[in-house]
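> take a look and give me a structure for this.
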Amino acid sequence: MSKHNIKSHNKTLLLYHLVFPVKCRRSVITNEVGKSLKNICMEISERYEINFIEIGHESDDVHFLIQSVPTKHVSKLVRTIKNLTAKQLFIIHLEIKAKLWGGSFWTGGYYANTVGQYGNEEVIRRYVENQGRGKEYNKIYNGQLELF
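Residues are numbered from 1 along each chain as shown. From the prediction side, this is the model:
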């Protein structure tokens, strides 16, 4: 189960469910792109205080279950993840840029929810896992919470 993030003067457990749609809902996220996305997110996790607990995708959107610290506002988390993943995916997968005119990978919007307000961690995990059931949803990463 979840572990708390312990700093010198605080103890937190901040979990977020984030969903990022691809620009114009284009179907560009293949299994190969999903693997690259997972690797990019693991690099982000090493450099920033963002712990990816679970990542899953359909062809036109990505679901994240993440943990972070209180100094990182949701909008900053979203901006960091969107900017770094888009930049790297365009470098690694040149074919994506041809399908997404205008130079943007993600839409301007996103969905965010704190885990616990409308469901506990397990409910959100099941929701993320069951997204696209009967479609093409592929879980590409399932990690554990850890202390920063």
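> now do the contacts for the residue nearest the centre of the chain.
Closest residue to the average C-alpha location of the chain: Phe64 at 3.2 Å, with C-alpha atoms, centre = their mean. Going by C-beta atoms under 8 Å, 6 or more residues apart in numbering, Phe64 touches Tyr16, His17, Leu18, Val19, Phe20, Cys41, Phe52, Glu54, Ile55, Ile81. To be clear about C-beta, it is placed using only N, CA and C from the backbone, and glycine gets the same treatment.
> could these go into a markdown table alongside distance to Asn120?
A markdown table is the format used below for the contacts of Phe64 (distance: C-beta to C-beta, whole Å):
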| residue | distance to Asn120 |
| --- | --- |
| Tyr16 | 14 |
| His17 | 12 |
| Leu18 | 17 |
| Val19 | 18 |
| Phe20 | 23 |
| Cys41 | 23 |
| Phe52 | 19 |
| Glu54 | 14 |
| Ile55 | 19 |
| Ile81 | 23 |
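> residues in contact with the closest residue to Asn130 other than its chain neighbours?
Leaving out its chain neighbours, the residue that sits closest to Asn130 by C-beta to C-beta, 6 or more residues apart in numbering is Tyr137, at 7.8 Å. Tyr137 sits next to Gly56, His57, Glu58, Glu129, Asn130, Gln131 when contact means C-beta under 8 Å, 6+ apart.
> if we take the contacts of Phe64, which one ends up nearest to Ile29?
Each of the contacts of Phe64 was scored against Ile29 by C-beta to C-beta, and Phe20 proved nearest at 10.3 Å.
> I'm done for today, thanks for sticking with me.
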